[in-house]
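**Student:** pasting the sequence and the predicted model now:
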Amino acid sequence: MPLAVFTVMDVRDGHRKKVLPLAIAVGVLVACLVAFAAAGAPPVLVFVVASMLTGLVSKIPVARTWDVSWHSSIVAGFAVWMVYLFGPWALPPAIAAGAAIAWSRVHLGEHTPAQVVVGLAQGATTPLIILAIFG
């Protein structure tokens, strides 16, 4: 849902315009987190949403001035959750997916290598923080 809001409100016109869709996405994630917790959702589902929220909030200050790769961040976070849920056998496809997406973002001219590397690092870090605190 947050990514749908971000996509519908095309923000290619400038970094400052990203703040409103990001704020809306934060609101949606908070609502999801509250609803899942209240409904007794499995803890891992709550943890995944919490890591999405943590990652999104950490991007807001940066999005005002720099264009970190969202695609790279999302695939890295997804990779951490897949390895956590399914074990080490999920690591090779997770690395391959991350490398392919990172390469494509640079190859398409959407991001610099630094923006992709920061996106990968940020995306992998947020689920690890949530797991360290709650897992």
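**Tutor:** Right, received. Where do you want to start?
**Student:** tell me the spacing between the residue most central in space within the chain and H107.
**Tutor:** Nearest to the mean C-alpha position of the chain, counting by C-alpha atoms, centre = their mean, stands I74 at 3.8 Å. Distance of I74 to H107, given as C-beta to C-beta, to the nearest Å: 18 Å. In short, each C-beta sits where N, CA and C put it, glycine included.
**Student:** Q115 too?
**Tutor:** Using C-beta to C-beta, Q115 is found at 13 Å from H107.
**Student:** so those two - more neighbours on which side?
**Tutor:** Under the criterion of other C-beta atoms under 10 Å, the comparison of Q115 against H107 puts Q115 first, with 20 against 9.
**Student:** element containing the more buried one?
**Tutor:** helix 113-134 (DSSP states H and E).
**Student:** packing partners of that helix?
**Tutor:** Contacting helix 113-134 under the criterion 3 or more C-beta pairs under 8 Å, 6 or more residues apart in numbering; DSSP states H and E are the following elements: helix 43-63, helix 70-86, helix 91-107.
**Student:** by mean pLDDT, show me the worst of the ones you listed.
**Tutor:** Looking at the helices and strands packed on helix 113-134, the lowest mean pLDDT belongs to helix 43-63 (a mean of 86).
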